Structures are given as structure tokens and as C-alpha cells.
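*Asks:* any chance you can model this:
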Amino acid sequence: MYQDLLRKIAEEKPNYNQEEIQWLLDHLGDPSPEIRDDLVFTSFARGIQEELFTQEQFHFIVEVVLADGGLDKEIDKVGLSTLERSFRALIYANLLSADANQQSVFYQELNAEFRNVLLNQGLHYLSKEKDTTGFSSQYGWVHAFAHGADLLKEVVCHPDFPKNRVHEVFDILGQLFKRMSIRFTDDEDWRLARVIYEPILQGKLE
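*Replies:* Numbers count the residues shown, from 1 in each chain. Purely as a prediction, here's the structure:
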């Protein structure tokens with residue numbers, strides 16, 4: 001399966017069957033960066049952004065990533081648990097981005113219940129995450145705070161996230177920096193900054 005999926009990354013317009021998507025979902029937090037980062041996330045990002053997945057497959061991915069607690073799964077554990085949360089956050093970000101993009105075939109494909117769960121978990125994820133690992137010699141990029149920032153940016157920019165809740169984003173960012181005893185050194189800072197300047201550019205903040 002690994003080799004088959006790896007070959008698809010090199011194809012211009014690959015198709016994916018249900019078994020392949022399930023394998024990718026099963027390896028979302030794989031300890032190997034070659035599998036997790038280079039294959040699994042790349043496949044999901046392309047599949048959503050380049051519309052390689054069908055709408056049914058899009059819905060299936062949403063259901064699976066939310067089925068076992070989503071970003072709250074094992075939130076107090078680090079290591080392998082962080083890997084799954086961190087890369088799940090990136091999938092959330094891609095799902096919300098496509099749902100908000102009027103040019104995407106996945107525009108408004110999320111049902112209201114799932115959309116609200118993605119938005120709410122994405123909003124509060126960084127206030128719960130404790131693992132500040134950027135790059136790990138064992139696992140490669142862990143990057144939970146960078147990926148959480150990417151997700152939070154998609155949350156605040158999503159058209160269904162109301163302007164009157166934007167202050168909650170500032171509260172979360174403020175609390176985050178107050179409780180951090182380390183200095184971010186792996187690009188988390190500029191990705192967190194995008195949470196503020198992207199909604200300004202999009203007219204969500206004035």
C-alpha cells in the first residue's frame with residue numbers, strides 16, 4: 001500500500017479508493033516522518049486542495065477525524081499522541097479552507113454539526129495543547145503549535161465564524177503566550193501572527 005500511494009504522489013491526477021483513504025487515515029500520526037509528513041499529509045492536502053477526492057470521500061474523512069474525540073483525543077499525552085493531534089489539526093485546516101472556498105467542489109460540503117465541531121475544536125485546541133516540540137530527532141516535525149496556528153487562522157477566517165467571537169481568538173492567543181515558558185524557534189511565531197493579520201486582510205478584523 002505504501003509504495004502504491006507513494007507512486008500516486010507523482011501522478012498529476014490520481015484517484016483514491018476507500019481502502020487507500022482508510023490507510024492514510026490510519027497513519028495520520030505515524031512515527032515515521034516519511035510516512036506521516038511526506039506521504040500521508042501530502043496526499044490529504046493534495047486530495048482536498050486539488051479536488052482529487054470525491055465529495056463522498058471528503059465526507060468520510062471528516063467523519064473519521066472527528067469520530068474518536070478529534071483534537072481532544074489523548075490531549076494530556078505527548079509523543080505519538082501529539083503527532084496524531086498535530087497532523088489532525090492540519091487536516092481540519094484543509095477541510096475548513098475547502099468548505100469556505102467558493103471555487104472548491106467542497107464548498108459548504110460540511111454539514112452544520114461537523115462544521116461547528118471543527119470550528120470549536122480548532123478555536124480551543126491551542127489553549128489545551130501542551131507539547132511545544134518543534135522538530136524531534138526521533139519523529140521529525142511534530143509542530144503542534146504551528147499546525148494549531150494554521151488551523152486557528154482557518155477558523156477565524158471561515159465565513160461561519162462570527163465576528164462577535166473574534167475576541168475569543170485574542171483571549172486564547174494572550175493566554176497562550178502567558179503560559180509559555182519557552183521561546184518558539186521553529187516558525188511558530190509567524191504562523192501565530194497569521195491568525196491576526198489574515199483576518200485583517202480579509203476584512204474580518206478592522
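
*Asks:* list the buried residues in stretch 119-126.
*Replies:* Judged by neighbour count (16 or more other C-beta atoms under 10 Å), stretch 119-126 contains these buried residues: 119, 121-126. All C-beta spots, glycine's among them, are computed from the backbone N, C-alpha and C.

*Asks:* ok, and what's touching that stretch?
*Replies:* Taking C-beta atoms under 8 Å, 6 or more residues apart in numbering as the criterion, the residues outside stretch 119-126 that touch it are 70-72, 85, 89, 92-93, 96, 145, 148-149, 151-152, 154-155, 158, 160-161, 165, 168-169, 172-173, 176.

*Asks:* which of those are buried?
*Replies:* Among the contacts of stretch 119-126, the ones that count as buried by 16+ other C-beta under 10 Å are 70-71, 85, 89, 92-93, 96, 145, 148-149, 151-152, 154-155, 158, 161, 168-169, 172-173, 176.

*Asks:* narrow the residues you listed to those in helices?
*Replies:* Using DSSP state H, the members of the buried ones among the contacts of stretch 119-126 that fall within helices are 85, 89, 92-93, 96, 145, 148-149, 151-152, 154-155, 168-169, 172-173, 176.

*Asks:* so Val117 sits right up against Gly70, yeah?
*Replies:* Yes. Look at Val117 against Gly70 with C-beta atoms under 8 Å: they come within range, at 6.7 Å.

*Asks:* possible to save the buried residues of stretch 119-126 as JSON lines with pLDDT and distance to Ser43?
*Replies:* Supplementary listing: these in JSON lines, determined by pLDDT from 0 to 100; distance: C-beta to C-beta, whole Å:
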{"residue": "Leu119", "pLDDT": "98", "distance to Ser43": "24"}
{"residue": "Gln121", "pLDDT": "98", "distance to Ser43": "22"}
{"residue": "Gly122", "pLDDT": "98", "distance to Ser43": "21"}
{"residue": "Leu123", "pLDDT": "98", "distance to Ser43": "27"}
{"residue": "His124", "pLDDT": "98", "distance to Ser43": "28"}
{"residue": "Tyr125", "pLDDT": "98", "distance to Ser43": "23"}
{"residue": "Leu126", "pLDDT": "97", "distance to Ser43": "26"}
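
*Asks:* brilliant, that's me finished.
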